[in-house]
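Trainee: Sharing a model prediction with you, sequence too.
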Amino acid sequence: MTLSMQRRDNSYAALESEYILGEELGSGGFGKVKLATHILTGHKVAVKIIDKVAIGDDLPRVKTEMDALRTLAHQNICRLYHYIETAEKFFIIMEYCSGGEMFDYIVKKERLEESEARHFFRQIVAAIAYVHSMGFAHRDMKPENLLLTEDLQLKLIDFGLCAKPDQGLQNHLETCCGSPAYAAPELIQGTAYRGNEADIWSMGVLLYALLCGALPFEDENIQQLYRKISCFVLSIGKYEEPEWLSSASRSLLRSMLQVEPRRRIKIEDMLIHPWINKKYTQPLKWKTIYDKNIIDEECARELATYHRMSLDDMVTTLKKWKFDYTTATYFLLLQQKRKGRPVILPLLRPDDMIKNRNAALVASPTIHSSLDNGLERSGIDDDNPLDTAFVFNRPFSPTDKHISYARAMHNGAVIMNEVRSERPQMPPGVTPVRTRIRNVDDKENVEPRSQTVKVRGPVKITDESPRPKSVYSTPRNNNHRPTVITTVQAATPESANRNGRSQSSERESGSTPVSPSASGERTPRSATKTPRLRQRVFASLERKADKVFNLLTPRRVRQDAPTVLKRTSNMVNVSVTSSTDPELVRSELVRVFEDKGISCEQIGWKVSGKKKDVAGRTLLMVEMEVVMIDSLDMVGVKRKRLNGDAFLYKRVCEDVLRLAGL
Ligand SMILES: Nc1ncnc2c1ncn2[C@@H]1O[C@H](COP(=O)(O)OP(=O)(O)OP(=O)(O)O)[C@@H](O)[C@H]1O
């Protein structure tokens, strides 16, 4: 092991006995976020890893984020479970939002129907009403900071720029922060402002993005962007109002995108706004469903048994809200309970489990069999080996619950093999696809378990196993990468320089306003396409992608890439080409990146591009991975924003794929 690897090992040692690190979920200006498994419960969590040296002067931002996350507990705010600080790093362990970024959802849908936009926006309003009621302003509202759970519940993240003025939100703030495209005019003008009023403006931009699939003010050049917002402020410019917007949505947007902060709609008035409440029978429930003073007895009892403590002592411990491993386990047990799963911990402690990974197994039936009888599988992650082991086993006997859980923890591979023998055979590493339809009318005002939304699969591609018939591999190495979580990954390679931060949102608007019209809410999309909204891209991009094929050329492909081409059936963020030749597609991606002056790096089937501004600052990092689409046996391109502004990402992807022959 090299010295640098050892160093990395040590820096992750704090997580070793408690979490198993997995793939990278995303990265921001302040670190990266990885998927991980909480060893004791087997649940997935997200771990934000911040390097103390790399963060430098921005250290206070971590403190701000931690203070906010410790205080704020709301159903639409990503839950903090555990916080670890070491000499080198901060680890922020949070609720895992498997549905990806809200932005990708908008992109996938091009824009949202008003009813769907309302479903999401009500959750944004609920989160911000709560944040403001607690004396905080978020100050960085944008679609990248809104994540989705697998059942399309929205979670606000990234409280690193939030503010909590000592004398309350009526007090003025001065620091200009957030993304320029979402920034209120008073921030851009550099005057003192109120954080809550600035949040309402950003929410207006966000609602516009949901309804129109574009931003109201955009420009490649940040000064031009400011100029556009200033023109709007001076009433010599307007944002475009597409004709498909209903009169109620226009009126809400106008009241939020109100230049004069005092005249901007207040969050209390938004809660009762007709557009927000249309077709909802109950008022928006914005208050938190969590009470820090109430501890769930069943979860506390299970923890007390595990730690060999009295229930009272455990309740006292939990109420200290230390955000340590016990707090994390409590929250995960609570989550388990809400999903109708047994509230059970193993007899062994994580350290023992790791030491005894290969110990002989002791008992047979496992605990989660009731789940297998079609009772309730919600929340069980098919692509989590530990969870999967629990789901498809034999009936539960109360006496052996701990032993069998421990068995599953000890030797997932053995259990998995047993499991597979009871299920249709699948190639190793292939994750079964699960879809669920739930049943609901009023999505927001019912308990999460009874909600009915079609579940989107997780964003990542989990099928990484080569298929005998159609494996495309580079000449030097045929090894495929391991599946997502198999062993403790004390160290994972750092991605090359992902610390660039987006400076601006970039898109030329240049369009004149469309006169308002009171069109109905459910205008079919086909009838509402407006060429003026040039920002709407991905859907059209995907439709045109089939033209890539004929224009592909095989030049400039490095033949030394080590990884195997992935096959996928997961179409999230994947553009289909009509090509059957992945090498051709890859070489064309490289060519177009280079032609556009975007520096690019090719690693296996992934082509990463980095766009910089004139001053050499990284504005955006994007990754395009060539994949084979299972059902079609065609080549696809999977897009991923590594860093930087989402709408700039959208534009760059559009350009790259268009120039590649559309
Ligand atoms: N809880 C989570 N579940 C799933 N993915 C997550 C989670 N938290 C963050 N991510 C992913 O990681 C990305 C970066 O996270 P985050 O915005 O918190 O980092 P940051 O360094 O503060 O970024 P920024 O530069 O925007 O401030 C997100 O955009 C998202 O894609």
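Mentor: Great, that's in hand.
Trainee: can you pull the pLDDT of the nearest residue to K287 once chain neighbours are set aside?
Mentor: Using C-beta to C-beta, 6 or more residues apart in numbering and skipping the chain neighbours, the partner closest in space to K287 is Y130 (6.9 Å). To be clear about C-beta, it is placed using only N, CA and C from the backbone, and glycine gets the same treatment. Taken from the predicted model, the pLDDT recorded for Y130 is 97.
Trainee: Can you tell me the element Y130 falls in?
Mentor: For Y130, the element it lies in under DSSP states H and E is helix 114-133.
Trainee: which parts of that helix are buried?
Mentor: For helix 114-133, a neighbour-count test (16 or more other C-beta atoms under 10 Å) marks 114, 116-133 as buried.
Trainee: What segments of the stretch 101-250 of the chain are helices?
Mentor: Along the stretch 101-250 of the chain, the stretches classed as helices by DSSP state H, counting those that start in this stretch are 102-109, 114-133, 185-188, 195-212, 222-233, 247-256.
Trainee: Pull the residues that contact the third one.
Mentor: Same thing as helix 185-188. The contact list for helix 185-188, computed with C-beta atoms under 8 Å, 6 or more residues apart in numbering, reads 176-178, 180, 192-193, 197-198, 201, 226, 229-230, 232-233, 259, 261.
Trainee: quick one, the helix holding Y130 and helix 247-256 angle?
Mentor: Note on geometry: by axes from the mean of the first three to the mean of the last three C-alpha atoms, to 10 degrees, helix 114-133 and helix 247-256 are set 30 degrees apart in direction.
Trainee: Take helix 114-133, keep the C-alpha atoms, and write them as CSV.
Mentor: This file holds the C-alpha atoms of helix 114-133, laid out as CSV (Å, rounded to 0.1, in the frame of the first residue of the first chain):
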residue,chain,number,x,y,z
GLU,A,114,-49.0,22.6,-12.7
SER,A,115,-50.5,19.9,-10.5
GLU,A,116,-47.1,18.2,-10.2
ALA,A,117,-45.3,21.4,-9.7
ARG,A,118,-47.8,22.2,-6.9
HIS,A,119,-47.1,18.9,-5.2
PHE,A,120,-43.4,19.7,-5.0
PHE,A,121,-43.8,23.4,-4.4
ARG,A,122,-46.1,22.9,-1.4
GLN,A,123,-43.3,20.9,0.1
ILE,A,124,-40.8,23.7,-0.6
VAL,A,125,-43.2,26.2,1.0
ALA,A,126,-43.6,23.9,4.0
ALA,A,127,-39.9,23.6,4.5
ILE,A,128,-39.2,27.3,4.2
ALA,A,129,-42.2,28.3,6.4
TYR,A,130,-40.6,26.0,9.0
VAL,A,131,-37.1,27.3,8.5
HIS,A,132,-38.3,30.9,8.8
SER,A,133,-40.4,30.1,11.8
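Trainee: elements contacting that helix?
Mentor: Identification of packing neighbours for helix 114-133 by 3 or more C-beta pairs under 8 Å, 6 or more residues apart in numbering; DSSP states H and E yields strand 154-156, helix 195-212, helix 267-271, helix 274-277.
Trainee: Now do the third one: which elements does it pack against?
Mentor: On a contact count with 3+ C-beta pairs under 8 Å, 6+ apart, helix 267-271 meets helix 114-133, helix 195-212, helix 247-256.
Trainee: same thing but 7 Å
Mentor: Here helix 267-271 touches helix 114-133, going by 3 or more C-beta pairs under 7 Å, 6 or more residues apart in numbering; DSSP states H and E.
Trainee: Start and end of stretch 81-91, how far apart?
Mentor: 11 Å (C-alpha to C-alpha, to the nearest Å).
Trainee: all strands for the stretch 501-650 of the chain, in order.
Mentor: The residue ranges that make up the strands of the stretch 501-650 of the chain, judged by DSSP state E, counting those that start in this stretch, are 566-568, 574-576, 599-603, 606-612, 618-629, 634-644.
Trainee: Which of those strands sits closest to L271?
Mentor: When those are ranked by distance to L271, counting by C-beta to C-beta, first place goes to strand 634-644 at 32.3 Å.
Trainee: now the angle from that closest one to helix 102-109?
Mentor: Inter-element angle recorded for strand 634-644 and helix 102-109: 150 degrees (by the same axes, to 10 degrees).
Trainee: among the contacts of helix 185-188, who's most crowded?
Mentor: Taking other C-beta atoms under 10 Å as the neighbour criterion, A198 ranks highest of these with 27 neighbours.
Trainee: So which residues on this structure come close to the ligand?
Mentor: By C-beta under 6 Å from any ligand atom, the residues of the chain that approach the ligand are 25-31, 33, 46, 48, 78, 94-97, 101, 144-145, 147, 157-158, 160, 501.
Trainee: try 8 Å this time
Mentor: If contacts are counted using C-beta under 8 Å from any ligand atom, the residues of the chain sitting beside the ligand are 25-33, 35, 45-46, 48, 50, 65, 78, 94-98, 100-101, 140, 144-145, 147, 155, 157-158, 160-161, 501-502, 641, 643.
Trainee: Mind checking which of those land in strands?
Mentor: Applying DSSP state E to the residues of the chain next to the ligand, the entries found in strands are 25-28, 31-33, 35, 45-46, 48, 50, 94-95, 100-101, 147, 155, 641, 643.
Trainee: For the ligand, see how far away the nearest residue to E268 once chain neighbours are set aside is.
Mentor: With sequence-adjacent residues excluded and distances taken as C-beta to C-beta, 6+ apart, E268 is closest to A129, at 7.8 Å. When distances are taken as C-beta to the nearest ligand atom, to the nearest Å, A129 and the ligand turn out to be 21 Å apart.
Trainee: what residues are up against A129?
Mentor: Applying C-beta atoms under 7 Å, 6 or more residues apart in numbering, one finds that A129 lies in contact with I267, L271, W286.
Trainee: From I295, how far off is the second one?
Mentor: Taking C-beta to C-beta, to the nearest Å as the measure, L271 falls 30 Å from I295.
Trainee: So for stretch 144-160, mean pLDDT?
Mentor: If you average the pLDDT over stretch 144-160, you get 90.
Trainee: How far does that stretch stretch from one end to the other?
Mentor: Between the opening and closing residues of stretch 144-160 we find a distance of 14 Å, counting by C-alpha to C-alpha.
Trainee: Need the contact partners of it.
Mentor: Around stretch 144-160, the neighbours that count as contacts under C-beta under 7 Å, 6+ apart are 30, 61, 64-65, 68-69, 76-78, 95, 97-103, 105, 120, 123-124, 127, 138, 140, 448, 451, 453, 455, 646.
Trainee: Now do the same contact list for V637.
Mentor: V637 touches V574, S575, T577, V585, M624, V626, L657, counting by C-beta under 7 Å, 6+ apart.
Trainee: The helices and strands packed on helix 114-133: which one's closest to I598?
Mentor: When the helices and strands packed on helix 114-133 are compared by C-beta to C-beta, helix 195-212 sits nearest I598, at 24.1 Å.
Trainee: residues in contact with the closest one?
Mentor: The list of residues contacting helix 195-212 from outside it, by C-beta under 7 Å, 6+ apart, reads 106, 111-112, 114, 117, 120-121, 124, 128, 132, 137-139, 141-143, 163, 169, 173, 178, 181-182, 184, 186-187, 215-216, 242, 245, 249, 252-253, 256-257, 261, 264-265, 267, 533.
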